[in-house]
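Colleague: pasting the sequence and the predicted coordinates here, then a few questions.
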Amino acid sequence: MKKGTFIKSTIILIIGGLLTKLLGILIRVIMTRNSTLEVISLYMLIMPTFSLMMAISQLGFATGISKVVSEEKYPSKKILFGILPISIFINTLLTIFLIFTSRFIAFNLLKEKDAYIPILAISLVLPFDSLSSILRGFFFGKEKMVPHVTSNITEQIVRLLFMIFILPNIIKFGLVFTTTSLILINVLSELASSLVLIFFLPKKFSIQKSDLKPNLRTSKNVLEVALPTTATRIIGTISYFFEPIILTYALSLNGYTNTYIIREYGVINGFVMPILLLPGFFTNAISSALLPVISKEYVKGNLKYIKRKLKEALFYSLLIGIPSTILIVMFPNLFLNFLYKTVHGSEYIRNTALIFILFYIEAPLASFLQAVGMSKDVMYDNFIGIILKTICLFILSFIKGIGLYSLLISMGVNILTTTLRHIWHIKKLFKKNYQQNC
């Protein structure tokens, strides 16, 4: 029964992830074809800031709620609704923060005045993104994957309709208006996603005023997982946030023009990375299905079962990841041309793709560690990896001739470091439990 639940959840998430990924690729293709390289580059320049704000807004609630709900220690209604006031408070603070700092971020950090209004627009997206994240965590904990898949597909359809029918008509209004619209479409897509998730809630979930009171015990348990998870994401997004700043500063001193840096950065994040991470939907599906299963069985002390599930998760991740990477390395132009009608970025892909095989097992390893209560170790591993990545990025960007390869090499260092440390922690966990049982 356990095995059947895990496989069923994984299959649903894989099918949903595949559909979502295909829609995402289609959205990207239409976006790149219906807009200009300037719009894509500005949008990609803003994305690190957007990702950082979303990481803080979500506060890792999805993972924390999923784990606590799956353990079945508390009524799931208390867990779900008790977190909402905390979410509202955090998003209010973030909105105020962006109102006062957007101009400074655009003019002083990104050194791009056109980024000001799009960054300010991020504040409108965050509450909706946070709400859908909380609801997803509830359904993950219940091992109900259909609501998550349905909401994701709905979200992508809303974005797709925007790219097809609205984007071609607003390009004429200029760079800032178009980029701001690309940010604001997330309000509608996240709202649609949340409404779908609310529709799937059990009918008995009537909301009383008392339900919205944070329950200290359940909130504490959620936050014990959520805060390290958020710290992990924030560390990553802070690094992502500083990427264009470091690159612009270092490469400018190295003789590269600002136009070239922004264009190549846009190519790497807009074309290269989506292709390198193409099989990521499979890994994400396995990780999402793995967490509640491992959490439930670890509480029961079923170590043999969770070890077997981890091995299965890693095997299936590599079964897709390795062949996909080989194809991407062999035919980068084919993928680029088919998806984006360009071959710009093919050398980046060919020279750096192999290291991303490790990326496909990093997520299941992290999910396992979070499920067994080792979220802090995941946070520390990511922190070490990101520190090394930032140091490498800064040093390599000053070396003549490397150019934007400094970014891809530093990403590889991060993936390698984080993955190996996750493996070390898991081996240590099983060794400790083995010694205790002897």
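Modeller: Structure's in. What do you need?
Colleague: pull out the buried positions in the lengthiest helix in the chain.
Modeller: The single longest helix within the chain, with elements called by DSSP state H, is helix 216-253. Neighbour counts over helix 216-253 (16 or more other CB atoms under 10 Å) mark 218-219, 221-244, 246-251 as buried. (Glycine included, C-beta is placed from N, CA and C.)
Colleague: and for stretch 292-304?
Modeller: 292-299, 303.
Colleague: ok, the residue lying closest to Thr230 once chain neighbours are set aside - contacts?
Modeller: Leaving aside its chain neighbours, Thr230 sits nearest to Gly60 (3.8 Å; criterion: CB to CB, 6 or more residues apart in numbering). Shown in contact with Gly60 (CB atoms under 8 Å, 6 or more residues apart in numbering): 225-230, 232-233.
Colleague: and Gly60, what's its pLDDT?
Modeller: Looking at Gly60, its pLDDT reads 83.
Colleague: got it, and Val225?
Modeller: pLDDT at Val225 comes out at 79.
Colleague: neighbours around the closest residue to it other than its chain neighbours, how many?
Modeller: Counting by CB to CB, 6+ apart, Val225 lies nearest to Gly64, which is 3.9 Å off, once chain neighbours are set aside. Per other CB atoms under 10 Å, the neighbour tally for Gly64 reads 29.
Colleague: likewise Thr179?
Modeller: The burial count for Thr179: 25, using other CB under 10 Å.
Colleague: and it, which helix or strand is it part of?
Modeller: Secondary structure from DSSP states H and E places Thr179 in helix 175-200.
Colleague: how about Met47?
Modeller: helix 37-58.
Colleague: where in the stretch 201-350 of the chain is pLDDT low?
Modeller: Low-confidence segments of the stretch 201-350 of the chain, defined by pLDDT under 70: 205-215.
Colleague: could you redo the last one with a cut-off of 90?
Modeller: 201-309, 312-313, 316-321, 324, 335-347 (pLDDT under 90).
Colleague: helices of that one, start to end?
Modeller: Under the criterion DSSP state H, counting those that start in this stretch, the stretch 201-350 of the chain contains helices at 216-253, 258-267, 273-276, 280-299, 303-330, 332-340, 346-352.
Colleague: and the ones you listed: which comes nearest Leu94?
Modeller: helix 216-253 (12.2 Å; CB to CB).
Colleague: and stretch 54-68, end to end?
Modeller: End-to-end distance for stretch 54-68, by CA to CA, to the nearest Å: 22 Å.
Colleague: so how far is Gly321 from Glu312?
Modeller: Glu312 sits 15 Å away from Gly321, going by CB to CB, to the nearest Å.
Colleague: tell me which of those two has more neighbours.
Modeller: A side-by-side neighbour count of Glu312 and Gly321, using other CB under 10 Å, places Gly321 first with 22 against 17.
Colleague: wait, that one sits on Pro279?
Modeller: Yes - with contact defined as CB atoms under 8 Å, Gly321 reaches Pro279; the gap is 5.3 Å.
Colleague: what angle do the helix holding Thr179 and helix 37-58 make?
Modeller: Angle of helix 175-200 versus helix 37-58, following axes from the mean of the first three to the mean of the last three CA atoms, to 10 degrees, is 40 degrees.
Colleague: distance from the chain centre to helix 175-200, please.
Modeller: With CA atoms, centre = their mean, to the nearest Å as the basis, helix 175-200 stands 17 Å off its chain's centre.
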